[in-house]
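1. okay, sequence plus prediction incoming.
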Amino acid sequence: MEMRKVVSFGNSSFVVSLPKAWVTKNGLRKGDVVRIEESPNELIISAREEGKKKLTEITILCEAKPINELKTEILAAYVNNYNVIRLTGSNVKNISASLKQILYGLVGMEIIEETASTITAKDLLDLSEVSIDNTVRRMDILIRSILEDVTNPDSIDSIHERDKEINRLGLLSSRIFRTATDNPSVLKIFNTNYWNLFIARQVTVELEHIGDYLKRISRLLKESGKDSAKKQYFQLATRYREAMKIYYDKEKDKTYRLESETKKFMKDFDKMIEKNNDPNTIRTAENLKSMAKAIMNILRNVMERN
């Protein structure tokens, strides 16, 4: 954040200079027109047309790099909103299956060219159709479907696949947030403001965590089969559904009650951990407690929402 002085200009105007780095980044020159959106306590200056995408490319060199390192670079490029990701190197042909699997895991990215030494993927996503609020709902729908199957031992593989989709949507939410940060006009498309967008992004982070906890809980319940742990799980699943209803309805007054109840519920997990010697039961209780904490974090985001 920069502080700039307001300078008087003539009898009816005031002037604030634009940061040179921002002007250069957006390719502006003397005489160009910018759009100014006014609200009671802020002005939003936008350099490009609403919804217009600036093509940005990145080339990632794959030589002598393990696949995990390349995955980190690819995900970083995706979140940082590069439209074209080009992977190149003499080893590409040997690891192409792994590279393509990573790219297929990115919403909107499609492979448009492939040779023995290069794989090129391009973003074909229409941002106006994938608001962060829609992403939250899609993640929530997946989690609700998992909640129904956690205690079914035959659903573990399916739960793992759905958790992968939740993670894909989590990356998408990061990309949407970054896009809105780079281009304020995107906020107008989504009919929101920075703070509420940040809150929604925080909720997607918690939903990703909940998906991970449910994946582990499903496996642990299959191994332990303890009815007491299942009972605690069903009660926690009910609290999750209540928390998301509160989030959608923006019912701040109900958050305090449910948060207080969830805090008390977490003490039951502490007791379960203290009184048990069975490793599976302890790990189940730990994941249930972590899930309860994620639910509390969602409720706290509701409290801070505008």
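-> Nice, I can see it.
2. quick one: low-confidence parts of the stretch 1-150 of the chain?
-> Residue ranges of the stretch 1-150 of the chain with pLDDT under 70: 1, 48-55, 127-128.
3. can you give me the strands for it?
-> 7-9, 13-15, 35-39, 42-46, 57-61, 84-88, 109-114, 118-123 (DSSP state E, counting those that start in this stretch).
4. reformat these as CSV; add distance to Glu69 and mean neighbour count.
-> For every residue, glycine as well, the C-beta is placed using N, CA and C. Below are those laid out as CSV (distance: least, Cβ to Cβ, whole Å; neighbours: other Cβ atoms under 10 Å):
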stretch, distance to Glu69, mean neighbour count
strand 7-9, 49, 10
strand 13-15, 48, 10
strand 35-39, 41, 10
strand 42-46, 36, 13
strand 57-61, 10, 14
strand 84-88, 12, 20
strand 109-114, 19, 15
strand 118-123, 16, 20
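5. which one of the ones you listed lies closest to Leu142?
-> strand 109-114 (19.7 Å; Cβ to Cβ).
6. quick check, distance from that closest one to the centre of its chain.
-> 23 Å (Cα atoms, centre = their mean, to the nearest Å).
7. thinking again about what came up before, among the strands of the stretch 1-150 of the chain, which comes closest to Thr24?
-> Nearest to Thr24 among these is strand 42-46 (14.8 Å), distances taken as Cβ to Cβ.
8. what angle do that closest one and strand 35-39 make?
-> Computed with axes from the mean of the first three to the mean of the last three Cα atoms, to 10 degrees, the direction of strand 42-46 lies at 160 degrees from that of strand 35-39.
9. so which elements touch strand 42-46?
-> strand 35-39, helix 185-190 (3 or more Cβ pairs under 8 Å, 6 or more residues apart in numbering; DSSP states H and E).
10. with distance to Ala200 added, can I get those in JSON lines?
-> Converted to JSON lines, these look like this (distance: least, Cβ to Cβ, whole Å):
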{"stretch": "strand 35-39", "distance to Ala200": "19"}
{"stretch": "helix 185-190", "distance to Ala200": "9"}
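11. these: which one's closest to Phe14?
-> Phe14 lies closest, by Cβ to Cβ, to one member of these: strand 35-39, at 12.7 Å.
12. next one: the closest one to chain centre, how far?
-> The mean C-alpha position of strand 35-39 is separated from the chain mean by 28 Å, Cα atoms, centre = their mean.
13. quick one on the thing from earlier: so for Tyr240, which of the strands of the stretch 1-150 of the chain sits nearest?
-> Minimum separation from Tyr240 across the strands of the stretch 1-150 of the chain (Cβ to Cβ) falls at strand 109-114, 30.4 Å.
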